[in-house]
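Undergrad: Fold the following for me, if possible:
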Amino acid sequence: NSTTSGSNAVFNFTLPANRLFQIETSSDLLNWQLWNAPGNNGLPSTDTQTTFQSPLSDLTRFFRVIVREE
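TA: Numbering: from 1, shown residues only. This is a model prediction of the structure:
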């Protein structure tokens, strides 16, 4: 689930325990880079809901969540 709150992008999701996630961003769906946002460093998830938010640099932005098994 993703929304905006003011000038922030907000993501809410639940992942199984022992998964790592990182959010990538693109302006054209071709070139992806790690979203430069606090906490977006591949920390392990728990089996609870995760809320992640950070300011948007602009409104024309695509996001994808990369999930890896730890």
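Undergrad: which residues touch the residue most central in space within the chain?
TA: In the chain, the C-alpha nearest the mean C-alpha coordinate belongs to I23, at 3.4 Å (Cα atoms, centre = their mean). Residues in contact with I23 (Cβ atoms under 8 Å, 6 or more residues apart in numbering) are F11, L34, W35, A37, N40, F52, F63, R64, V65, I66. For every residue, glycine as well, the C-beta is placed using N, CA and C.
Undergrad: let's go with 7 Å and repeat that
TA: Counting by Cβ atoms under 7 Å, 6 or more residues apart in numbering, I23 touches F11, W35, N40, F52, F63, V65.
Undergrad: SS state for the last one?
TA: Yep, that's V65 we're talking about. Three-state call for V65 (DSSP: H, G, I helix; E, B strand; the rest coil): strand.
Undergrad: if I look at it, how far off is N40?
TA: 10 Å (Cβ to Cβ, to the nearest Å).
Undergrad: returning to what we had before: dump the contacts of I23 to a markdown table, plus pLDDT.
TA: Output for those, formatted as a markdown table (pLDDT from 0 to 100):
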| residue | pLDDT |
| --- | --- |
| F11 | 81 |
| W35 | 85 |
| N40 | 80 |
| F52 | 76 |
| F63 | 87 |
| V65 | 86 |
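Undergrad: Show me which of those residues are buried.
TA: For the contacts of I23, a burial check counting by 16 or more other Cβ atoms under 10 Å picks out F11, W35, N40, F52.
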